[in-house]
Structures are given as structure tokens and as C-alpha cells.
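Novice: Mind looking at a prediction? Sequence and model below.
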Amino acid sequence: MLFSDANADYKDARYVICGVPFDGTSCCRLGSACAPLEIRKASHYFETYNPLFDIDLKDIRIHDAGDLAVVKNIDETLSMISAHADKYIKDEKMPVMLGGEHSLTLPFALACKKKYPELGFVVLDAHLDLREEYRGSRNSHACISRHILEEVTKKYAAIGIRSGAREEYEYVAENKIKMFSADDVYALGIEKIMQEIRDYIKGPVYLSIDMDAIDPAYAPALGSPEPYGLTPRDVRDVISCLAPKIVGFDLVEIAPAYDSGNTALLGAKLVRDFMAASAKAGLCF
Ligand code: MN
Ligand code: MN
């Protein structure tokens, strides 16, 4: 099954959706490997017209490249995926990656970095993901933000954080990492935070949405759910605010077995809102 309104050939497409059905380093609730299929199924529940952005998704050039091949081993999987990520960027496509677990973000962010040396990175997540390694793997999903900071860019901001080891919080303080907790969003409002991020990251941006940034009341089907989270509207506001700068996008960490489809539905809607917002705004940085 293809994502709804993905009617374009690869050659003509602006947006290339790809699924990566891999959850090999996940430790709590497994199953994000099944998310690309469930997100695609859920994408068909919506009207093609998006009134918020006044864009009809059937009028924009979207291609669904299907699921990328993966193997059991994360390191090998990452190197297989990076060939695809590099090709999408080289061919001037906007990658829209459906995870799968959060470690899969790295090859896409690295591919964008090659084309845009000034790349910034914004992540929505409940978790800091700043560990150097977790359970014996440096490429665990619990390490993704550490990789981004060390290998991709220091122009980095995290929103929605409310979980991490003491050492990870110390790393944030020592390195003056731009980090906004879910409580910051609740207290200040998302617009204020986005203003600050926009002043800090001026150029192109990669946006990675770990769905557990959202409160489990709205998105219960997650690998590592964490209460006191963001609302779906907060996330939509981030997408719409950053849209003109976004050059790569992913949405990861849905574990579909843990609800009756609501979380995949919300994930599909956010992906559709991203493409509509991006098509409306064009690229501008
Ligand atoms: Mn994460
Ligand atoms: Mn997370």
C-alpha cells in the first residue's frame, strides 16, 4: 500500500516518502518496524484538500518509494539506507522518512548535511537521546541526538524533553545545548519557543519528530511513552513555523500494536500537514 496522494513518479516528485521497517535497538515496547504500513493505511482516511494550508495534496508531486530494505544489524542497516538518502538529496528530492526507530534519522541528516553545510537540526522528543552508547550499541535509538551533535551539526534544538539520565542532563548543561522541555512549552507557549529557535537557526533545517514528544494521551502507541507531553497542535505549529526552512523530515517511534490506530492516524496527519505546509511555503532561507 502506498501513502495517500503519492501519485508522482520518482523522477517528477518533489517529496519522496520512504518507510524504514526497523526496530532492532528498541528496548521497551517493540513494533515500530510495523509503523510505516500503519501510517500509510491511516493516510487514506483524510481528504486530499488541506484547508489549513489551502493546499490539495493531489496537486503536489509526492512519490512513495515503499519500504527500504533492512537487515537485523543496525550498523549494516544504516549503511544500506544511507545510499538511498544520498540519492534522494542528490536528485533534489525532499526526503520524508517514516520509521521505524529513531536511530534511522542519522543517514538522512548526514545526506542533507552534505548538500547544506549550514544545516540546522530540530528534534521533537520526550528523551534526550544523548547517550554515547546504550546496551552495547553506539547506534542505539537512545544515542541519536549525540550523533547529530557530534557528526552533523551543533545548530541543534530539542523540544518536548522530559526524560534522560543524569549524565545526559549534565551534558546538556556543559555543552549549552538548546533544549526546551515539555514544561517550557506548557509555560511559555510554543510560539515563543519557535521565535527563539528561528533566531538561533537561520538556515536550512532537518526536522525529526519522535512521536513520543507528544503526550501518550494523544499518542499512546509508542516504544517509550512518557507522560506530561506536547499536544498535537504544538507539533503542528512547529511544522508550520519551520516549513520554509525544512530540507529533510522524518517521523519515528510509533509502535502500532499499543492502540487501536489513533497514533498512526496522528502520525499520518502530521506527515500530510508537513507536505502541505512545505508546498505552501516553498524553500526560503
Ligand atoms: Mn528519540
Ligand atoms: Mn523518544
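Specialist: In hand now; what should we look at? All values reported here derive from a predicted model rather than from experimental measurement. Ligands and ions are numbered 1, 2, ... in the order given.
Novice: Need the nearest residue in space to residue 226, chain neighbours excluded.
Specialist: Leaving aside its chain neighbours, residue 226 sits nearest to residue 126 (3.9 Å; criterion: Cβ to Cβ, 6 or more residues apart in numbering). For glycine as for every other residue, the C-beta is placed from the backbone atoms N, C-alpha and C.
Novice: And the helices in this structure, which stretches?
Specialist: According to DSSP state H, the chain carries its helices in the segments 35-43, 74-90, 105-115, 144-147, 166-174, 182-188, 190-200, 232-242, 262-281.
Novice: Reformat these as TSV; add mean neighbour count and distance to ligand 2.
Specialist: Converted to TSV, those look like this (neighbours: other Cβ atoms under 10 Å; distance: least, Cβ to the ion, whole Å):
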stretch	mean neighbour count	distance to ligand 2
helix 35-43	24	14
helix 74-90	18	16
helix 105-115	22	11
helix 144-147	24	9
helix 166-174	13	12
helix 182-188	16	12
helix 190-200	15	18
helix 232-242	20	13
helix 262-281	23	13
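Novice: now those helices in TSV, with mean pLDDT?
Specialist: Formatted as TSV, these follow (pLDDT from 0 to 100):
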stretch	mean pLDDT
helix 35-43	98
helix 74-90	97
helix 105-115	98
helix 144-147	97
helix 166-174	98
helix 182-188	98
helix 190-200	97
helix 232-242	98
helix 262-281	98
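Novice: need those in TSV with distance to residue 21, can you?
Specialist: Shown next, in TSV, are the helices of the chain (distance: least, Cβ to Cβ, whole Å):
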stretch	distance to residue 21
helix 35-43	6
helix 74-90	10
helix 105-115	15
helix 144-147	18
helix 166-174	28
helix 182-188	28
helix 190-200	31
helix 232-242	23
helix 262-281	13
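Novice: Which one of those helices lies nearest to ligand 1?
Specialist: Proximity to ligand 1 (Cβ to the ion) singles out helix 144-147 among the helices of the chain, at 5.8 Å.
Novice: so what's the closest residue to residue 191 other than its chain neighbours up against?
Specialist: Leaving aside its chain neighbours, residue 191 sits nearest to residue 237 (7.0 Å; criterion: Cβ to Cβ, 6+ apart). Listed by Cβ atoms under 8 Å, 6 or more residues apart in numbering, the contact partners of residue 237 are 190-191, 194.
Novice: quick one: which of these is nearest residue 219?
Specialist: residue 190 (16.5 Å; Cβ to Cβ).
Novice: so how far is residue 209 from the nearest residue to residue 142 once chain neighbours are set aside?
Specialist: Distances taken as Cβ to Cβ, 6+ apart place residue 134 nearest to residue 142, at 3.9 Å, with adjacent residues excluded. For residue 134, the distance to residue 209 (Cβ to Cβ, to the nearest Å) stands at 21 Å.
Novice: Determine whether any part of stretch 224-234 lies close to ligand 1.
Specialist: No - for a cut-off given as Cβ under 5 Å from the ion, stretch 224-234 has no contacts with ligand 1; the smallest distance is 7.9 Å.
Novice: Would you mind writing the CA trace of that stretch as CSV?
Specialist: The C-alpha trace of stretch 224-234 is given here as CSV (Å, rounded to 0.1, in the frame of the first residue of the first chain):
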residue,chain,number,x,y,z
SER,A,224,8.9,4.6,25.1
PRO,A,225,5.8,6.5,26.3
GLU,A,226,6.4,9.4,28.7
PRO,A,227,3.5,11.4,30.3
TYR,A,228,3.3,15.3,30.5
GLY,A,229,4.0,15.7,26.8
LEU,A,230,3.2,18.1,24.0
THR,A,231,-0.1,18.4,22.3
PRO,A,232,-0.6,17.6,18.6
ARG,A,233,-1.2,21.3,17.9
ASP,A,234,2.2,22.2,19.4
